[in-house]
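S.K.: With the input below, show me the fold.
(one chain, ligands or ions: 1)
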Amino acid sequence: MTPKNANESTAGNCETEIAAAPAPLPAGMANRNCGVPKVACRLCLIDSQLAQSHIIPEFIYSRMYDKNHHYLELFDVNAGKIRLGQKGFRERLLCPRCESNLNRYERHSRRLFVDDLPQRESPKSRRICVENLDYRLFKLFLLSVLWRASISSLPMFEHVKLGPHEEKIRVILQSENPGAPHNYPCLVFPLLFNGKHFKDYMPAPTSAKKEGHRCYRLVFGGFVFMIFVSSHRLPSKFEKFLLTEKKPLFLYLTELSEFPFLRDLWNRAKDSTRDVVTSFGD
Ligand SMILES: [Zn+2]
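M.R.: Reported below is the predicted structural model:
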């Protein structure tokens with residue numbers, strides 16, 4: 001991926017940005033919450049007038065929208081109900097300063113979602129090479145999305161319940177240190193549908209047990225993210241998909257039909273909400 005904006009693309013710049021804490025509040029943010037009662041910020045725990053926080057970053061939605069400003073949102077994974085989504089999910093969870101801090105991870109990770117996918121290494125290869133993605137910042141971004149989904153009271157995120165790991169991940173986010181790759185291991189897959197990058201699909205996050213490990217599956221912005229919430233070592237078959245400090249990062253293009261959970265969700269949705277699925281993009 002080619003950096004288009006030096007402020008948001010290179011690990012070096014972001015490291016500098018992280019070191020320069022506390023981050024300034026975005027212009028106008030201090031006045032936006034007038035009249036909102038003070039309650040404890042879910043991240044720093046300090047009483048504050050909380051901002052409306054996106055659970056999934058806003059730029060994900062702007063990239064997903066079709067020409068009618070819609071995307072496919074599978075909001076009920078059990079019944080397989082799809083609707084055309086139009087705007088992101090927001091909730092008052094964080095103080096403006098914590099919101100601004102998490103935005104730094106979003107700004108760093110944004111290019112992965114906004115730019116076209118890099119070319120395959122060869123026509124028959126599934127592997128693509130992603131440059132300029134910093135392990136620490138990108139992993140903190142993924143953990144922050146998972147954590148926000150867990151503390152959210154919105155029905156879309158009802159299947160994300162981190163239990164005691166909610167507090168452990170809060171501490172990780174506050175310390176700005178995600179630890180080693182096997183600490184809450186994250187797997188990243190670019191999602192294809194019939195060979196094309198499939199960005200316009202967002203099922204509600206779900207979880208499953210994989211070889212004794214609790215794994216949360218988040219699908220947004222054209223990627224499937226699997227985050228293991230377990231203190232046991234990741235099964236070896238997942239190793240090559242693991243997000244690590246190694247650069248560049250190699251990702252493996254994967255068709256929707258290769259994910260059994262996504263294939264089941266898609267088929268269920270096609271049966272129950274066929275009119276929405278077939279009219280999408282018209
Ligand atoms: Zn805070």
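S.K.: Could you pick out the residues of the protein near the ion for me?
M.R.: Applying C-beta under 5 Å from the ion, one finds that the chain approaches the ion through Cys41, Leu43, Cys44, Cys95, Cys98. (Glycine included, C-beta is placed from N, CA and C.)
S.K.: one more time with 6 Å, if that's ok
M.R.: Cys41, Leu43, Cys44, Ile46, Leu94, Cys95, Arg97, Cys98 (C-beta under 6 Å from the ion).
S.K.: Mark which of the residues you listed are part of strands, please.
M.R.: Leu94 (DSSP state E).
S.K.: And the residues of the chain next to the ion, which two are furthest apart?
M.R.: Spatial extent of the residues of the chain next to the ion (C-beta to C-beta) is set by the pair Ile46 and Leu94 at 10.6 Å.
S.K.: Any regions of the stretch 51-200 of the chain where pLDDT drops low?
M.R.: 62-87 (pLDDT under 70).
S.K.: what about the strands in it?
M.R.: With DSSP state E, counting those that start in this stretch as the criterion, the stretch 51-200 of the chain has strands at 51-54, 71-76, 81-85, 90-94, 127-130, 186-193, 196-197.
S.K.: Nearest to the ion within the stretch 151-282 of the chain, name that residue for me.
M.R.: Gln174 (8.9 Å; C-beta to the ion).
S.K.: same thing with the stretch 101-250 of the chain?
M.R.: Counting by C-beta to the ion, the stretch 101-250 of the chain gets nearest to the ion through Asn101 (8.0 Å).
S.K.: That residue: how many residues sit nearby?
M.R.: 22 (other C-beta atoms under 10 Å).
S.K.: same check, this time on Glu121
M.R.: Neighbour tally, Glu121, other C-beta under 10 Å: 12.
S.K.: Leu45 now?
M.R.: The burial count for Leu45: 12, using other C-beta under 10 Å.
S.K.: And Phe193, by the same measure?
M.R.: The burial count for Phe193: 16, using other C-beta under 10 Å.
S.K.: Just list the residues touching it, thanks.
M.R.: Applying C-beta atoms under 8 Å, 6 or more residues apart in numbering to Phe193 gives the contacts Tyr201, Glu255, Leu256.
S.K.: The last one: neighbouring residues, count only.
M.R.: The criterion is other C-beta under 10 Å. On that basis, Leu256 has 17 neighbouring residues.
S.K.: And Glu211, by the same measure?
M.R.: 12.
S.K.: And the helices in the stretch 1-150 of the chain?
M.R.: Along the stretch 1-150 of the chain, counting by DSSP state H, counting those that start in this stretch, helices occupy 6-9, 11-19, 29-32, 58-64, 96-114, 135-151.
S.K.: sorry, back to before: and the residue of the stretch 101-250 of the chain closest to the ion, how close does it get to Tyr184?
M.R.: Here Asn101 is placed at a distance of 19 Å from Tyr184 (C-beta to C-beta, to the nearest Å).
S.K.: now do Ala40
M.R.: Ala40 is 24 Å from Tyr184, by C-beta to C-beta.
S.K.: Compare the two and say which one has the larger neighbour count.
M.R.: Tyr184 (24 against 12).
S.K.: OK, contacts around the more buried one?
M.R.: Counting by C-beta under 8 Å, 6+ apart, the residues that Tyr184 touches are Lys139, Leu143, His165, Ile169, Ile172, Pro178, Ile227, Phe228, Val229.
S.K.: related to what we said a few turns ago, can you count the residues close to the residue of the stretch 151-282 of the chain closest to the ion?
M.R.: Neighbour tally, Gln174, other C-beta under 10 Å: 13.
S.K.: Show the pLDDT at Ser230.
M.R.: Here, the pLDDT recorded for Ser230 equals 78.
S.K.: Am I right that it is in contact with Arg214?
M.R.: Yes - at 5.7 Å, Ser230 and Arg214 qualify as touching, with contact defined as C-beta atoms under 8 Å.
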